[in-house]
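1. predicted structure and sequence below. I'll ask about it afterward.
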Amino acid sequence: MILPIDESDRGESREAVLQMSIRPLRRSITIVCVIFIILLSVVLSVTTYRIYTGTMYERYQKQMASILDYVESHIDKDDMAVCARTYEESEKYRVFQRFFDDLIDHYSDVHYLYIQQTLEPGTPLRTREICAANSTWEKENDPDQVMHLGDAGEGWFDPAIEDRFYEIQMGTEDVYLVNPSAWGIDYTLGRPLVSSAGEHFGVLCVDVAIDDLNAVVYRNIYINIAVIVVSGLVFIIALLLWMRSNVIRPIRALQESVEAYADKSADRHDPNELIFRAPDIRSKNEVRALSDSVTKLSENMRDYLKGMVKAEIENEGLQTQAFQDALTKVKNKAAYDKKVEALKWDIVNSIAKFGLVMVDMNHLKFINDRYGHEHGNDYIVGSCKLICGVFVHSPVYRIGGDEFVVVLQESDYGERDRLLDRLKERFLSHMTNEEADPWHRYSAAIGMSVHKPGDSYEDVFSRADQAMYYDKTSMKSEESKAQHP
């Protein structure tokens, strides 16, 4: 069983779907701003990390090189080469050791400062300490960790790092490297030490803890993110406040006004009532322009509808004149032709239900010739009134000078026989009225036919015309008998 759909329910459902599909502008702006701030924070943080990391490493590289330059200027390389070969301290070595220890106390950023020797590959315990800067705290609180000339240890460095130190020692240039060791992961600058005799006896190294470097970088990144987030929140709040005042609130007011206008104009027929009343929008932006455009559109619609109403009225007047007989005011031949087309369409679609009454006035030529065309017109109009007075529910057409056709429909179709007798009686009553003027003594031959299944329009018309012809012949015969008894 299919239930009928209430159009009001359908309208309400469409409105409900529309409301569900609407996303508030304020929420959309907030979401977009938050996503923008997040993306901005990520992009700036990654960029800042890379830039700041490069900058920090560059600054520390310069500082580390400066430290090694200063330390190298205090080294007697030939004496130090002998100590590295014999593992015996000289007086110059002990002076340098004190300088080395004092120096480490003044550099809080430096993790380790030392001179290291790396023996050839395959040598057991390849890494040997030549001189290590020991801070005062290490010497007082952890003396076991204090390094001395010739100390060697297993597992201080990975074999790959030991190979790398050996390459630096045998080379001629400073090398920066990430140095994982038993004491942690450091960023190391290694410089080869070469005696005047050309002996590569060790590597002067300075270490900075990678964690310390990263801590500085991360601290600045966190500060950067905090500044971005705070600035973003301030921006979002300011933007939302501005949007609420200049966009959202005016749009909402415009929406409510348009909805009220739509509801008010739904059942209005007077174009003058179709004017949109714009809300008070003080912002001078596109919302104000949109409001003005809607107002202008409503005015154009009003003017357009006024023109349509005027044209429709004029068109109705022209149609009335085009399809109305000027003398009798009933429908004319053009209207009859259109009606015939409609009846033929009904016949083709098997919905035709009509009848035709043919009326042909008698003696019109005699009235025109004897009493003039003015009284001839009176004769036509009077006869037409008789027809219209009987068939009040059916259209009457004047299809010739003295010919009329009635298309029987509605209740006239059901009572056609009774109405046909009444029409004949009225014509007979006027025709036999000896006291009336000749042009008011109306006479007409009448024929009727009804559409039957299988008939064409021409069949129905032909039968009605034939019946009218028989009636006219009969009337002439009666008149002849009356004149020649």
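-> Everything's here; your move. From a predicted model like this one, the values you see are computed outputs, not experimental measurements.
2. setting aside sequence neighbours, what's the nearest residue to Asp158?
-> Nearest residue to Asp158 in three dimensions, chain neighbours excluded: Pro180, at 6.7 Å (CB to CB, 6 or more residues apart in numbering). (Each C-beta comes from the backbone N, C-alpha and C, glycine too.)
3. contact partners for the one you found?
-> Applying CB atoms under 8 Å, 6 or more residues apart in numbering to Pro180 gives the contacts Phe157, Asp158, Ile161.
4. also Ile185?
-> Applying CB under 8 Å, 6+ apart, the residues contacting Ile185 are Val178, Asn179, Ala209, Ile210, Asp211.
5. can you do 7 Å?
-> Contacts for Ile185 (CB atoms under 7 Å, 6 or more residues apart in numbering) come out as Val178, Ile210.
6. check which helix or strand it maps to.
-> Assignment of secondary structure by DSSP states H and E places Ile185 within strand 184-194.
7. now the next helix or strand after that strand: mean pLDDT?
-> Next in sequence after strand 184-194, counting helices and strands by DSSP H and E, comes strand 200-209. Computed over strand 200-209, the mean pLDDT rounds to 92.
8. how about stretch 65-85?
-> The average pLDDT for stretch 65-85 rounds to 93.
9. name the surrounding residues that touch it.
-> The contact list for stretch 65-85, computed with CB under 7 Å, 6+ apart, reads 89-90, 92-93, 96, 99, 103, 107, 110, 117, 130, 149, 174, 189, 191, 193-196, 199, 201-202, 204, 206.
10. quick one: buried residues of it?
-> Residues Ile67, Leu68, Val71, Ile75, Lys77, Asp79, Met80, Ala81, Val82, Cys83, Ala84 are the ones in stretch 65-85 that count as buried (16 or more other CB atoms under 10 Å).
11. now, which of these sits nearest Ser394?
-> Checking those against Ser394 by CB to CB gives Ile67 as the nearest, at 121.5 Å.
12. and the closest one, how far is that from Ser73?
-> Ile67 sits 11 Å away from Ser73, going by CB to CB, to the nearest Å.
13. now swap in Met301 and tell me
-> 94 Å.
14. coming back round to it: so the strand holding Ile185 versus strand 200-209, what angle?
-> With axes from the mean of the first three to the mean of the last three CA atoms, to 10 degrees applied, the angle from strand 184-194 to strand 200-209 works out at 150 degrees.
15. got the confidence number for the residue nearest to Asp158?
-> At Pro180, the pLDDT recorded in the model is 83.
16. distance of it from Tyr114?
-> Pro180 is 16 Å from Tyr114, where distance means CB to CB.
17. go on, Tyr469?
-> To Tyr114, Tyr469 is 141 Å away according to CB to CB.
18. likewise Ser477?
-> Here Ser477 is placed at a distance of 153 Å from Tyr114 (CB to CB).
19. re the thing from before, which two of the buried residues of stretch 65-85 have the greatest separation?
-> Farthest apart among the buried residues of stretch 65-85 by CB to CB are Ile67 and Val82. That separation is 24.6 Å.
20. coming back round to it: dump the contacts of Pro180 to JSON lines, plus neighbour count.
-> Compiled in JSON lines, the contacts of Pro180 are given as follows (neighbours: other CB atoms under 10 Å):
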{"residue": "Phe157", "neighbour count": "20"}
{"residue": "Asp158", "neighbour count": "13"}
{"residue": "Ile161", "neighbour count": "18"}
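21. redo these as TSV? Include secondary structure, pLDDT and distance to Met431.
-> As requested, these are exported to TSV (DSSP: H, G, I helix; E, B strand; the rest coil; pLDDT from 0 to 100; distance: CB to CB, whole Å):
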residue	secondary structure	pLDDT	distance to Met431
Phe157	strand	83	143
Asp158	coil	84	139
Ile161	helix	88	140
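22. what's the closest of those to Asp421?
-> Asp158 (130.2 Å).
23. ok, for Ser257, nearest residue in space, not its chain neighbours?
-> Pro279 (4.7 Å).
24. isn't that neighbour right up against Gln255?
-> No - Pro279 is beyond contact range of Gln255, at 9.4 Å (criterion: CB atoms under 7 Å).
25. looking at these two, which is more packed in?
-> Pro279 (15 against 12; other CB atoms under 10 Å).
26. check for me that the more buried one belongs to a strand.
-> No - counting by DSSP: H, G, I helix; E, B strand; the rest coil, Pro279 falls outside a strand, being coil.
27. just give the number of residues close to Ser449.
-> Ser449 has 21 nearby residues by other CB under 10 Å.
28. that should have said Asn285, apologies.
-> By other CB under 10 Å, the residues close to Asn285 number 11.
29. residue contacts, it?
-> Residues near Asn285 by CB under 7 Å, 6+ apart: Asn246.
30. repeat that for 10 Å
-> Going by CB atoms under 10 Å, 6 or more residues apart in numbering, Asn285 touches Asn246, Val247, Pro250.
31. inside helices: which ones of those?
-> Those of the contacts of Asn285 mapping onto helices are Pro250, per DSSP state H.
32. which one of the contacts of Asn285 has the most neighbours?
-> Most surrounded of those: other CB under 10 Å gives Pro250, at 22 neighbours.
33. per-residue pLDDT, that one?
-> Here the pLDDT value assigned to Pro250 is 77.
34. separation between it and Gly307?
-> Per CB to CB, Pro250 is found 32 Å from Gly307.
35. in the strand holding Ile185, which residues are buried?
-> Asp186, Tyr187, Thr188, Leu189, Gly190, Arg191, Pro192, Leu193, Val194.
36. okay, strands next: where are they in the stretch 251-400 of the chain?
-> Counting by DSSP state E, counting those that start in this stretch, the segments of the stretch 251-400 of the chain that form strands are 355-361, 396-398.
37. closest to Asn134 out of those strands?
-> Smallest distance to Asn134 across the strands of the stretch 251-400 of the chain (CB to CB): 130.3 Å, for strand 396-398.
38. give me the contacts around the closest one.
-> 323-337, 339-340, 357, 359, 380, 384, 387-388, 390, 403-407.
39. go on, stretch 328-343?
-> Identification of contacts with stretch 328-343 by CB under 10 Å, 6+ apart yields 319-326, 352-354, 356, 377, 380-385, 387-388, 395-400, 403-407, 409, 451, 457-458, 460-461.
40. how far is it from where the chain is centred?
-> 53 Å (CA atoms, centre = their mean, to the nearest Å).
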